[in-house]
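Asker: Pasted the sequence and its predicted model underneath.
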Amino acid sequence: MTDQTAPPGLGAESLTTADGRPLKAALHRAQARAKRRAFLLVLPLLAFVLLTFVIPIGIMLFRSLNNPDFVSYSDIDSGTEIPVMQNVQAWFAANPQGTEPDEAAYAALAADLVHLKEIKAQGSVGTRINYVLPGSRSLFTSSARDAAKLAPPYKEAVLALDEKWADPAVWQAMRSSAGTITGDFYILAADFERDDSGAIVRTAEKERIYLYLFWRTFFLSGLITLICLVLAFPIAHLLATLPLSKSNLLMILVLLPFWTSLLVRTTSWIVLLQQQGVVNDALVALGLIGTDGRLTMINNQTGTIVAMTHVLLPFMILPLYSVMRTIKPSYVRAARSLGATSWTAFRRVYLPQTLPGMGAGVLLVFILAVGYYITPALVGGADGQLISNMIAFHMSKANWSLAAAIATMLLFSVLILYWLYDRLIGIDNLKLG
Amino acid sequence: MVSVDSDNPAPAIKAQVEAGNVTIDVGDVEYADAIRLCDEGLLEPIDAATLPAAPDGTPAVDDFLPGALTECAVSTIVFSTIFAYDTTKFPEGPTTVADFFDLEKFPGKRAMRKGAKANLEMALMADGVPAADVYATLETPEGQDRAFAMLDKIKAETVWWEAGAQPPQLLADGEVAMTTAYNGRIFGAAVGEGKPFATVWDGQVYEYDLFVIPKGAPNKDGAMEFVKFATSTQALADQAKWISYGPARKSSGALVGLYQDGKTEMAPYMPTAEANLTNALASSYEFWVDRDGELNERFNAWLAQ
């Protein structure tokens, strides 16, 4: 702009600041300084988010794909990584998939077992194989114990130690684990497994669980979100329209449970809903049900839905309320005066204006519900468990790679839903207040 | 000394040692976990020869019950998974483990631990498998099907617990009529608090609890001293004064006396009492170290269906 309006003959260099520097450079410098300052201001937050959020999630994502336990053993005492099962891996590299293990393979195995015993790595290697082939951990630990006695011919000697070594599934499991990067845990997390030839097949029907739990998690989360929306809408409306003195009191009733510990609220529901609990006692006292007909409202799906709806309700009320407060009552009055019925005025004038609040509340509640763990664990019984309970279970069993794989799948399915939401409704329509 | 209150500190020990930031000095873990952690090099070895001898001079190695000492762990107590019932609901009372799975004879809700271990064994024993054959049966797919078929019978009426404190609470609330539980918890509620609970020892599954020291424990020497002290003959006998878990030393047995109330004889409440062992199963760590993942997977799938 400056260049165009400057009279001919006068170059850009003639536009300078008081101390003689070109204006453009001075502006650039000032802007850079402002940017730096802004960056320094957010730096603590950025470092915090990076350290406590991005890096742990990155490590988790990495762990789901990376399990080097069959390739190297990290020695705690010396802090070094010791390569293990080198001979067997060399044999795998030299012989393609499907080769019958020969004398050379068993010789390699024997040498590796002796090495495992030396550095006491048979447990971690066995555990790694046990993840993909249950029941094979003791094969490694017991064979390594007696490996020093092995002598040629190795095939017979190893099979004499334990004939399970002849099982092609064992060799297949070792082959598929012979790398640091593996997709095995995603295969397991999607209810698939490898058969003896290495092909990926569905697990037996009685062992399928994860996909079903994912489906249940999303279904229940959706249901809880819907119930929250239906319950929260009138409350938020009341809060937004009552005179301030009364609405403040009501607000405290909303916030008080919000500030109460999650555990306290969940266990209170146990007290209320159990078979000898307050609700059942009241119903029996009123003669609505007999003592034999006490309702089962806890330790099942009902318990999960009730308790989670209660816990998550404030997350729906608050964004709705903050949006409803800004809606001027004159709009609805204008619609009414122009002849709309109260239903039409609500549907065509009021409701569309609450959409940003509904969007925010729905997204907030749904995403929180999808990752819920404590409440379903306490009141969910058998059929009220969610996928996060499975993640917690595998964490407690120290199978971190599988836990990480399930968690990653959960993370990405939520991201996909978020993307869908953005495409359908638009994330910039979101309004938290 | 750092005490971590946890139903199972094994995952915490693994996480801390691998991260190189150990805060636990002594952990109290189950057998399969002690073996697994030790195999993976996450525990300090504990030399059994340094443990105190029995008062009569018997070395510790011979004084502890068979299998109670391992390379990295020292057993403290024998605990058992039993089942207990509310005596006000069943004055006659169930007497065998089969009764637990019999909803017709003994109607009412059940509670079991949410996990495969001990449940599958009890189911097989209830189905008539002799204790000695339980693990051989459970190794086979047919045996597993048989155990799950037994659990199927009571699945609809069962509440699943996770922490040891839950079963006595479930019984006390009247939420269930019968529950599996750790024997000491039921003893505590029945004798300690006078609740109307009775224990059925038929089909009990008992195992050791062990002390371990994580590799890199901050007070390793102090931890070692503690383990030596706490697993001495007198200390193990003394713990039985508070809860009905059997000491892991033979020499402690004779010293077990009265409950802290000063009048209840502890011996008959111990999992290792002669009368309680008529149909009992020693939990096999070898089996569970191998099959834990697989069977729990199936158990979880079964539960979710």
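Answerer: Sure, I can see it. Numbers count the residues shown, from 1 in each chain, chains lettered A, B, ... in the order given.
Asker: Quick check, the residue in the stretch 51-200 of chain B closest to chain A?
Answerer: Residue nearest to chain A within the stretch 51-200 of chain B: B:Gly174 (4.1 Å; Cβ to the nearest Cβ). Where C-beta positions appear, they are placed from N, C-alpha and C, glycine not excepted.
Asker: my guess is that residue meets B:Thr88, correct?
Answerer: No: using Cβ atoms under 8 Å, B:Gly174 is not in contact with B:Thr88; the gap is 9.0 Å.
Asker: Tell me which of those two has more neighbours.
Answerer: Remark: of B:Gly174 and B:Thr88, B:Gly174 carries more neighbours, 17 against 11, as counted by other Cβ atoms under 10 Å in any protein chain shown.
Asker: Excluding chain neighbours, what is closest to B:Gly27?
Answerer: Spatial nearest neighbour of B:Gly27, excluding adjacent residues (Cβ to Cβ, 6 or more residues apart in numbering or on different chains): B:Pro9 at 4.4 Å.
Asker: same question, B:Val97
Answerer: Excluding the flanking residues, the one nearest B:Val97 by Cβ to Cβ, 6+ apart is B:Gly203, at 2.8 Å.
Asker: part of a strand, is that neighbour?
Answerer: Yes: assigned with DSSP: H, G, I helix; E, B strand; the rest coil, B:Gly203 falls within a strand.
Asker: returning to that earlier point: what is the neighbour count of the residue nearest to B:Gly27?
Answerer: Counted with other Cβ under 10 Å, residues neighbouring B:Pro9 total 21.
Asker: And for A:Ala111?
Answerer: Counted with other Cβ under 10 Å, A:Ala111 comes out at 17.
Asker: model confidence over the strand or helix carrying it, on average?
Answerer: Here A:Ala111 sits within helix A:103-119, counting by DSSP states H and E. Summarised as a single mean, pLDDT over helix A:103-119 is 90.
Asker: And chain B, is it touching that?
Answerer: No: Helix A:103-119 does not reach chain B (Cβ under 8 Å from any Cβ of the partner chain); its nearest approach is 8.6 Å.
Asker: Tell me which residue in chain A sits closest to chain B.
Answerer: Minimum separation of chain A from chain B (Cβ to the nearest Cβ) falls at A:Gly123, amounting to 2.5 Å.
Asker: For the stretch 51-200 of chain B, which segments are assigned as strands?
Answerer: B:73-86, B:110-113, B:158-161, B:178-182, B:197-212 (DSSP state E, counting those that start in this stretch).
Asker: Mean pLDDT and mean neighbour count added to those strands, as a markdown table?
Answerer: As requested, the strands of the stretch 51-200 of chain B are exported to a markdown table (pLDDT from 0 to 100; neighbours: other Cβ atoms under 10 Å in any protein chain shown):
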| stretch | mean pLDDT | mean neighbour count |
| --- | --- | --- |
| strand B:73-86 | 94 | 25 |
| strand B:110-113 | 95 | 24 |
| strand B:158-161 | 92 | 22 |
| strand B:178-182 | 96 | 27 |
| strand B:197-212 | 94 | 23 |
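Asker: Output these in CSV, with distance to A:Ser322 appended to each entry.
Answerer: As requested, the strands of the stretch 51-200 of chain B are exported to CSV (distance: least, Cβ to Cβ, whole Å):
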stretch, distance to A:Ser322
strand B:73-86, 51
strand B:110-113, 44
strand B:158-161, 41
strand B:178-182, 47
strand B:197-212, 52
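Asker: Strands of the stretch 51-200 of chain A, start to end?
Answerer: Taking DSSP E, counting those that start in this stretch, the strands of the stretch 51-200 of chain A run over residues A:72-75, A:80-83, A:192-194, A:200-202.
Asker: The last one: which residues count as buried?
Answerer: Put plainly, it is strand A:200-202. Buried residues in strand A:200-202, counted by 16 or more other Cβ atoms under 10 Å in any protein chain shown: none are found.
Asker: After that strand, which helix or strand is next? Please name it.
Answerer: Sequence order places helix A:210-241 as the next helix or strand after strand A:200-202, per DSSP H and E.
Asker: B:Asn276 in helix, strand or coil?
Answerer: Once three-state DSSP is applied, B:Asn276 turns out helix.
Asker: gap between it and chain A?
Answerer: To chain A, B:Asn276 is 30 Å away according to Cβ to the nearest Cβ, to the nearest Å.
Asker: what sits against that residue?
Answerer: Residues near B:Asn276 by Cβ atoms under 8 Å, 6 or more residues apart in numbering or on different chains: B:201, B:204, B:268, B:270.
Asker: one more time with 7 Å, if that's ok
Answerer: Counting by Cβ atoms under 7 Å, 6 or more residues apart in numbering or on different chains, B:Asn276 makes contact with B:201, B:204.
Asker: and residue 165, how many neighbours does it have?
Answerer: Defaulting to chain A. By other Cβ under 10 Å, the residues close to A:Trp165 number 20.
Asker: wait, I meant chain B there
Answerer: When neighbours are counted by other Cβ under 10 Å, B:Ala165 registers 15.
Asker: Hmm, B:Leu120 is touching B:Leu138, no?
Answerer: Yes: if you go by Cβ atoms under 7 Å, B:Leu120 and B:Leu138 touch, sitting 6.0 Å apart.
Asker: who touches both of these two?
Answerer: Residues touching both B:Leu120 and B:Leu138 (Cβ under 7 Å, 6+ apart) are B:Ala147.
Asker: Looking only at neighbour counts, state which of these two leads.
Answerer: Taking neighbours as other Cβ under 10 Å, B:Leu120 and B:Leu138 compare with B:Leu120 leading, 26 against 22.
Asker: Now the more buried one: closest residue in space, sequence neighbours ignored.
Answerer: Using Cβ to Cβ, 6+ apart, the closest residue to B:Leu120 is B:Ala147 (4.3 Å).
Asker: Show me which residues of chain A sit near chain B.
Answerer: Proximity of chain A to chain B (Cβ under 7 Å from any Cβ of the partner chain) is limited to residues A:76, A:120, A:122-124, A:127, A:130-131, A:134-135, A:137-138, A:141, A:206-209, A:212-213, A:274-276, A:299, A:381-382, A:385, A:390, A:393, A:395-399.
Asker: List buried residues within those.
Answerer: So, by 16+ other Cβ under 10 Å, the buried ones in the residues of chain A next to chain B are A:76, A:120, A:122-124, A:127, A:130-131, A:134-135, A:137-138, A:141, A:207-209, A:213, A:274-275, A:299, A:381-382, A:385, A:390, A:393, A:395-399.
Asker: can you tell me which of those are in helices?
Answerer: A:122-124, A:127, A:130-131, A:137-138, A:141, A:213, A:390, A:393, A:395-396 (DSSP state H).
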